[in-house]
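1. Got a predicted structure here, sequence first:
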Amino acid sequence: MHIASSSSGRFPSASSVSRIRNALLRHYDRHRRDLPWRGESDPYRIWISEIMLQQTRVVTVVDRYHDFIRSFPDVHALARAPVARVYEAWAGLGYYGRARNLHAAARAIVRAHRGWLPTTYAELTTLPGIGPYTAGAVASIAFGEAVPALDGNAIRVLSRLVASADASGSAAAVRQLSASAIALVRGTRPGDLNQSLMDLGASICTPRQPKCGVCPVRRWCAGFASGQPTRFPAACPSRRTKPILAVVFAWLEDSHGVWLERRPSEGLWAGQWQLPGAEGPRARARLAERLDVSLEARRLARIEHELTHRQVRATVFEATSPWRVRSRNGFRRFERPLSAPVSALARRTIQTVLAARSDP
Ligand code: SF4
């Protein structure tokens with residue numbers, strides 16, 4: 001793995017790196033979070049858990065992990081299954097692009113690697129849906145390769161440890177923190193070391209109120225020494241300037257359930273279910289025309305939802321004559337729409353409408 005060098009914000013010396021590493025591992029051995037995939041040696045299961053953990057809270061993943069493994073106990077079972085079944089098993093986890101990539105990667109593993117997960121960081125990054133973080137996590141945890149795995153928690157801890165002035169997520173910050181992380185993982189337990197950083201960020205070095213008083217690496221922490229650890233990592237300027245995406249959704253409900261529409265198999269939220277929607281100029285009129293309904297009735301909800309590169313402003317209108325979509329391709333009625341494989345935005349939208357309706 002090639003990482004360019006950086007001149008600032010590094011650990012002060014090799015001996016401090018070794019002490020920080022030991023302190024992190026000691027703390028991890030005593031206080032690590034008890035998660036279903038901890039102690040797991042099957043690379044397939046480690047991979048599944050790491051993909052689930054991208055962008056989904058740990059408590060939600062804990063709920064869904066065992067069911068998914070029961071449905072697809074190994075890479076062959078996952079590769080054999082139709083992608084629609086994988087979407088169904090992914091319900092509740094959101095960001096369904098991950099399920100699609102997981103399925104594509106399983107097929108690639110069976111086809112090109114005879115069903116064995118590749119064992120190195122470099123090979124893992126050639127599979128769909130496996131970026132630097134997941135490759136680092138799987139390579140270090142499952143195969144003991146000394147490579148970093150920088151998720152949001154690990155980035156925060158390292159930024160504070162070295163008092164990195166670079167904006168979170170910037171190329172300079174990633175370079176600098178990768179160099180620091182590489183120095184730390186050069187030990188006998190790279191997987192545990194990576195997980196110790198993630199755990200520390202989740203439980204002690206939290207975003208707003210780090211518990212420095214009980215932190216095992218406080219004595220080497222430049223952020224703590226500065227007196228203002230929460231200044232690190234610096235906010236990423238691009239977060240404040242996301243373009244707005246205005247979307248209109250139609251709520252089509254009859255006595256048997258709510259009608260959802262399946263998105264195309266390519267692009268954003270591919271293959272997932274959502275309320276029928278439209279975006280851009282005259283979205284409401286165009287949507288009404290496309291569905292052959294009226295959207296002049298009540299506005300049911302307004303939702304703000306943050307995507308990686310855009311800020312979504314969604315408005316939901318009640319539609320008249322919901323049965324008109326009954327015979328259309330790509331539409332289906334769900335008695336319990338939240339049980340369908342829906343995107344995170346669709347989930348929030350449906351939840352907001354249901355909550356508003358039950359609120360007298
Ligand atoms: Fe984070 Fe405080 Fe520990 Fe530094 S001392 S790593 S800021 S919790």
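-> Structure received. Numbering: from 1, shown residues only.

2. what helix or strand does residue 101 sit in?
-> Under the criterion of DSSP states H and E, residue 101 resides in helix 97-113.

3. cool, residue 278 as well?
-> Taking DSSP H and E as the criterion, residue 278 maps to strand 277-279.

4. which parts of the stretch 201-350 of the chain sit against the ligand?
-> 204-205, 210, 212, 215, 217-218, 221, 223-224, 229 (C-beta under 6 Å from any ligand atom). The way it works is simple: take the backbone N, C-alpha and C, and place the C-beta from them, glycine included.

5. Which one (most neighbours) among the residues you listed?
-> Neighbour tally across these (other C-beta atoms under 10 Å): the maximum, 29 neighbours, falls on residue 205.

6. mind checking the SS state of it?
-> At residue 205 the chain is in coil, as set by DSSP: H, G, I helix; E, B strand; the rest coil.

7. same check, this time on residue 191
-> Per three-state DSSP, residue 191 ends up helix.

8. residue ranges with poor pLDDT in the stretch 201-350 of the chain?
-> 236-241 (pLDDT under 70).

9. for it, what spans make up the strands?
-> In the stretch 201-350 of the chain, the segments counted as strands under DSSP state E, counting those that start in this stretch are 244-251, 253-254, 257-262, 273-274, 277-279, 299-306, 311-318, 331-334.

10. circling back: for the residues of the stretch 201-350 of the chain next to the ligand, work out which two are farthest apart.
-> The two members of these with the most space between them (C-beta to C-beta) are 204 and 223, at 12.8 Å.

11. Just give me how far stretch 335-347 sits from the chain centre.
-> How far stretch 335-347 lies from its chain's middle: 17 Å, per C-alpha atoms, centre = their mean, to the nearest Å.

12. Buried ones in that stretch, by neighbour count?
-> Across stretch 335-347, burial judged by 16 or more other C-beta atoms under 10 Å covers 337, 340-347.

13. measure the residue lying farthest from the centre of the chain to the ligand for me?
-> The C-alpha centroid of the chain is most remote from residue 321, which lies 37.4 Å away (C-alpha atoms, centre = their mean). Per C-beta to the nearest ligand atom, to the nearest Å, residue 321 is found 57 Å from the ligand.

14. so that residue makes contact with residue 296?
-> No: counting by C-beta atoms under 8 Å, residue 321 does not reach residue 296; the two are 11.8 Å apart.

15. And for residue 15, the neighbour number?
-> Neighbours of residue 15 (other C-beta under 10 Å): 9.

16. ok, back up a step: helices - which of the buried residues of stretch 335-347 land there?
-> 344-347 (DSSP state H).

17. May I see those residues arranged in CSV, with distance to residue 63 as well?
-> Below are these laid out as CSV (distance: C-beta to C-beta, whole Å):
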residue, distance to residue 63
344, 16
345, 21
346, 19
347, 15
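
18. Out of those, which comes closest to the ligand?
-> residue 344 (28.8 Å; C-beta to the nearest ligand atom).

19. And the ones in helices among the buried residues of stretch 335-347, which is closest to residue 32?
-> Nearest to residue 32 among these is residue 344, at 28.3 Å by C-beta to C-beta.

20. OK, contacts around the nearest residue to that closest one once chain neighbours are set aside?
-> Of all residues not flanking residue 344 in the chain, residue 94 sits nearest, at 3.8 Å (C-beta to C-beta, 6 or more residues apart in numbering). Applying C-beta atoms under 8 Å, 6 or more residues apart in numbering, one finds that residue 94 lies in contact with 55-56, 343-344, 347.

21. List the backbone torsions phi and psi for residue 94.
-> Dihedral angles of residue 94 (phi, psi; degrees, to the nearest 10) stand at phi 70, psi 180.

22. what's the helix or strand for residue 172?
-> helix 171-185.

23. Let me know the secondary structure of the spatially most central residue of the chain.
-> Taking C-alpha atoms, centre = their mean, the centroid of the chain lies closest to residue 55, which sits 1.7 Å from it. Secondary structure, three-state DSSP: residue 55 is coil.

24. Model confidence at it, what's the number?
-> In this model, residue 55 is scored at 77, pLDDT.

25. what does residue 42 give?
-> Confidence score, pLDDT, at residue 42: 96.

26. Please name the residues that touch it.
-> Residues near residue 42 by C-beta under 8 Å, 6+ apart: residue 142.

27. And for the one 5 residues further on?
-> When the contact criterion is C-beta under 8 Å, 6+ apart, the partners of residue 47 are 117, 134, 138, 142.
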